[in-house]
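J.: from the sequence below, what's the structure:
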Amino acid sequence: MEHSFDSLEGLNERQKEAVLATEGPLLVLAGAGSGKTRVITHRILHLIEKGIAPQNILAVTFTNKAAREMRERMRALLSNLSPSALAVSRAAYDALPLLTTFHSLGVRILREHHGLLGLRRHFAIYDRSDSTKAIKRALDESGYGPKEFEPRRMLSIISHAKGNAMTRDSFGEATRSYVEEAAAVVWERYEHILKEEQALDFDDLLLKTLRLLENHPETKAHYRSLFRYIHIDEYQDTNKVQYEIARALAGEIPNICVVGDADQNIYSWRGADISNILQFERHFPGAKTILLEENYRSTQTIIAASNTIIEKNRNRIPKTVFTSNAEGEPIGLYVGYNQDEEANFVATTAQTLIGQGASASGIAVLFRTNFQSRALEEAFLGLGVPYQVLGVRFFERKEIKDVLSFLRLALNPDSTGDLARVINVPPRGIGKITLLKLIEKNRNGLNASAVAKVAEFDAMMKEIGEYARTKPLAETLRFIMKRTGMEDLLKKGGEEELERLENLRELVSLGAQYDNSLRRPADGGSPEEAVEQLLEDAALQTDQDELKNAKGDEDAVKLMTIHAAKGLEFQYVFITGLEEGLFPHERLAIDDPSGPRTDEEEERRLFYVALTRAQKKVYLTYAALRTIFGSQRVSMPSSFLADLKEEHIEECNPLPAGGAGGGLLSGFERTIYID
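T.: Okay, here's the model as predicted:
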C-alpha cells in the first residue's frame, strides 16, 4: 500500500509532482500566485518524512521577510505532522532546516571560517551608507577629487563587478575606460580600508564566500556533505556570484531545486542574470522542469490582462497562467489632468473602498520611481486616509545606528568607522585631533586631558563588551542607553528627542525577541549569538522588512515602488504614472549614467509584476501633465495601456458632456487636447 504523506495534502497535481521529485536537479517555473512557497515548504517536509535529517536541507531566498515567513510556515507544518510521523516531527522541530538568505548564508559560512580569511569572528558588515563613506575616503586617498567621480557611481561599478564574481585583479586586467581604470585604483584602496576596519560590504559576503569555497576544497566538501538537498527561491533574481555559490554547494550529483519565474525578473540593474533560469537545463544536465501555471491569487480578468502583457516578451520560457477564481471586475483606467488630480483620484477611491469595508492595509499604491510619492502623500494627508510609505527603515534612524555602533565597536575594536561615529555620542569633549590619533593607533601624543577622556571611553566600551558576551541582548541594549548617557540626554530634550527615546525602547523590545528566539533548547544560542543576529539583520534589512518591523504599522494603505512590492499581494492595487518615459522608463540607469538604457522587456516584466500583486481589482492611472524636476511636460499614455484588451478595461473618468464614452482610446485622446 502506498504511504500517505502529510506533505502532499492540499496540493494540485503539478505541485505534488514538484514535491515528489526530490532527486537530481529540478526547475520549478512558478507563475505569479501559483503557490511556490507552499511547494518549497511541502517539499522540505516531504524530505523530512522520508528520513532526511533537517540539517542536511538548505533553502535560500532573497529577503529576510521571505526567509522568516518560510521558517514560520515550516514550523507550523512540522508541528502539525500526523501521529505516525511524531518521532520525525520532534527531531525536525528541534533542528529546523536552514532557511535563510544568500547574504545570511554567506555571513554564516564566513563566521565559521573567519580565520582562513584573516577576519575577526565579529567582523563588521557595511551597509550602503558605510560603504559610500569608505569609497569617499578611498577616492581621496587615491588622489581623485570629489567632483571627478561621484562616490555612489564608483561604488556601483565595484559592486557590479563583484556581483559578476570578479576580483579586483581580474577587474583591473579587463578595464576598458578611464572610469574603470580609476575604479580599479579606488577598489584597491577600498579593500585596504575594509581590511583595516575588519569589515565586509554586502557584495563581499557573497564574493568572499565563493572564494573561500573555491580556494579551500576541504571547506567546500564539508558544505556539500552538509547541504545534501538545496532549494533556491526566486532563482530568476540570482546574479553570477550567487549562481557560482549554488554550483559550488550542489556538487557533482546535484540535488538542487530552483523555483522562479523568468517573467518576474526585474533586477538586472543590480546584477540579476535572467540567463541563470533560462539556461538551467544546460547548467544542470538531466534537469526536470515543472510548470506551475494555476494562479490562486487573482481574478480571471487580472490574469487575462497580465498574460496579454507578458506574452509580448520574447526572452522567456512560454507558459500560460490560468485561474479558477471568479471573473472579477474590469481593470479601472483613470486619466488625471495633472499629478495632483491623479493622486486625488487614488486617495479618494481608496477612501471609498475602506468605507465599503476594505482593509486599508489590503490596498497598495505602486509607482515606478520614488519622486511620485510626494503628490500621493499630500492627497492621502488631505483626506485623512491612513497610509505608510515603504522605505524609511527603522535601522537607519540615527539613534538606532548609534546604539548598534556601540555594540559593534565593543566586539570589534578595529572598526574605526564605528569609533568615529560614537566617540562623542553624547558629547564627551574628545576633539578631532585626538580621534585622528586613535584611528591611527597613536596614543603617545595625547595630552593629559585627552588621555583621561579616552581612558573613560575605553572603560565604558569594555563594560559594554562584557555585557554583550554574557547578558541577554535586551539587557545589553538597555545598559548601552544608560551607560553612554544617551537615555538621560534624550529625556531632557523636546518632542523629537522623546520620539528618538521611544525608538530606542522599541529596539530593546526587538532585542527581547532575539533573546526569546534563542531560548529554545534546540537552538542552544548564547547572548553573543543574539548580538550577531541583530547586527546581521540590521545590516541586511530590506524595504519589505519594514512592513513588519516599522513602528506604527497599523491598518494603513501601502505606498511603494513596484520593485519593493515584488512578492507581496493586496486586494486592491493602484498602478500610477503610466506614461511613456516614466513607465516604461526611458532614463539611463540611476547608479551608472554611462550604463545601458532601460531594458524594454524588463519594464514589461515590471508591469506584469505590478498587475499580479492584485487579488480583486487593479486601477491604472496616469496624468496628462506632469511636473518633473520643476518643468511641466505633456504626457503620452504608456504603450502598455495600448497592449491591453478593451474588454478588460473600464474608464473611471466622468463621461464627457453631451456624449457617450469613446472606449479605451477616449482616455488617450484627453491626453492630447489640453487647454
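
J.: tell me the spacing between L376 and A350.
T.: 10 Å (C-beta to C-beta, to the nearest Å). In short, each C-beta sits where N, CA and C put it, glycine included.

J.: joint contacts of those two?
T.: V365 (C-beta atoms under 8 Å, 6 or more residues apart in numbering).

J.: phi, psi for T37 please.
T.: Note on T37: backbone dihedrals following degrees, to the nearest 10 are phi -60, psi -40.

J.: run a quick neighbour tally on it.
T.: 18 (other C-beta atoms under 10 Å).

J.: what sits against it?
T.: Taking C-beta under 8 Å, 6+ apart as the test, what T37 contacts is A66, E69, M70, R73, D233.

J.: show me where pLDDT drops low in this protein?
T.: 1-4, 82-95, 146, 391-393, 518-525, 542-554, 587-598, 629-630, 655-675 (pLDDT under 70).

J.: still on that earlier bit, the contacts of T37 in helices, which ones?
T.: When those are checked against helices (DSSP state H), the matches are A66, E69, M70, R73.

J.: which among the residues you listed gets closest to E502?
T.: E69 (27.4 Å; C-beta to C-beta).

J.: could I get the full set of helices for the stretch 101-250 of the chain?
T.: In the stretch 101-250 of the chain, the helices defined using DSSP state H, counting those that start in this stretch lie at 102-112, 128-141, 151-163, 168-173, 178-197, 202-215, 217-226, 240-250.

J.: turn the ones in helices among the contacts of T37 into a markdown table, including neighbour count.
T.: Converted to a markdown table, those look like this (neighbours: other C-beta atoms under 10 Å):
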| residue | neighbour count |
| --- | --- |
| A66 | 20 |
| E69 | 17 |
| M70 | 22 |
| R73 | 18 |
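
J.: number of residues surrounding I575?
T.: Around I575 there are 27 residues (other C-beta under 10 Å).

J.: got the phi/psi numbers for it?
T.: phi -110, psi 110.

J.: for it, name its beta-bridge partners.
T.: L366, L620 (DSSP bridges).

J.: show me what contacts it?
T.: L366, I562, F583, F607, A610, L611, V618, Y619, L620, T621.

J.: now, which of those residues sits nearest S415?
T.: S415 lies nearest to I562 out of those, by C-beta to C-beta, at 36.4 Å.

J.: let me see the contact set for that closest one.
T.: Applying C-beta under 8 Å, 6+ apart, the residues contacting I562 are I266, L366, F367, R368, I575, L606, F607, V609, A610.

J.: swap in 10 Å and give it another go.
T.: 266, 364, 366-369, 573, 575-576, 583, 606-607, 609-611, 613 (C-beta atoms under 10 Å, 6 or more residues apart in numbering).

J.: over to F322?
T.: G31, S34, E293, E294, N295, Q300, I303, A304, N307.

J.: quick check on it: phi, psi?
T.: Dihedral angles for F322 - degrees, to the nearest 10 - are phi -140, psi 170.

J.: what do you get for the one 10 residues further on?
T.: Comment: the main-chain dihedrals of G332 come out as phi -80, psi 140, following degrees, to the nearest 10.

J.: which residues does it bridge with?
T.: Under the criterion used (DSSP bridges), G332 bridges to Y619, E650.

J.: what is the neighbour count of it?
T.: 19.

J.: repeat that for E148.
T.: Using other C-beta under 10 Å, E148 is surrounded by 11 other residues.

J.: what's the separation between it and I157?
T.: Distance from E148 to I157, by C-beta to C-beta: 14 Å.

J.: for I310, same thing?
T.: 32 Å.

J.: in the contacts of I562, find the pair that's most separated.
T.: Across these, the longest distance by C-beta to C-beta is 18.3 Å; it joins T369 and L611.

J.: can you tell me how far K162 is from L419?
T.: 26 Å.

J.: these two: who's more crowded?
T.: With neighbours defined as other C-beta under 10 Å, K162 and L419 compare such that K162 has more, 26 against 20.

J.: residues in contact with that one?
T.: With C-beta under 10 Å, 6+ apart, K162 has these contacts: 168, 171, 187, 201-208, 210, 239-241, 271.

J.: can I get the contacts of T37 in JSON lines with distance to V39?
T.: Shown next, in JSON lines, are those (distance: C-beta to C-beta, whole Å):
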{"residue": "A66", "distance to V39": "14"}
{"residue": "E69", "distance to V39": "14"}
{"residue": "M70", "distance to V39": "11"}
{"residue": "R73", "distance to V39": "11"}
{"residue": "D233", "distance to V39": "10"}
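
J.: K195 reaches A134, doesn't it?
T.: No. Counting by C-beta atoms under 10 Å, K195 does not reach A134; the two are 11.1 Å apart.

J.: higher neighbour count, the two?
T.: A134 (24 against 14).

J.: so the more buried one touches S415, yeah?
T.: No. Shown here, A134 and S415 do not form a contact pair, counting by C-beta under 10 Å, at 11.5 Å.

J.: who touches both of these two?
T.: The contact sets of A134 and S415 overlap at Y126, E196, E197, A199 (C-beta under 10 Å, 6+ apart).

J.: would you say G336 is within a strand?
T.: Yes. Counting by DSSP: H, G, I helix; E, B strand; the rest coil, G336 falls inside a strand.

J.: next, count neighbours for the nearest residue to it once chain neighbours are set aside.
T.: With sequence-adjacent residues excluded and distances taken as C-beta to C-beta, 6 or more residues apart in numbering, G336 is closest to E342, at 3.2 Å. Applying other C-beta under 10 Å, we find 27 residues neighbouring E342.

J.: sec struct for E342, please.
T.: Applying three-state DSSP: E342 is helix.

J.: that one and A66, how far apart?
T.: When E342 is compared with A66 (using C-beta to C-beta), they lie 32 Å apart.

J.: same check on I430?
T.: For I430 relative to A66 (C-beta to C-beta), the value is 43 Å.

J.: can you check I317 too?
T.: For I317, the distance to A66 - C-beta to C-beta - is 22 Å.

J.: same thing with G145?
T.: G145 is 42 Å from A66, by C-beta to C-beta.

J.: cool, Y190 as well?
T.: 30 Å.

J.: ok, G118 next?
T.: When G118 is compared with A66 (using C-beta to C-beta), they lie 33 Å apart.

J.: same thing with M166?
T.: In terms of C-beta to C-beta, M166 sits 28 Å off from A66.

J.: likewise for T175?
T.: From T175 to A66 the distance is 37 Å (C-beta to C-beta).
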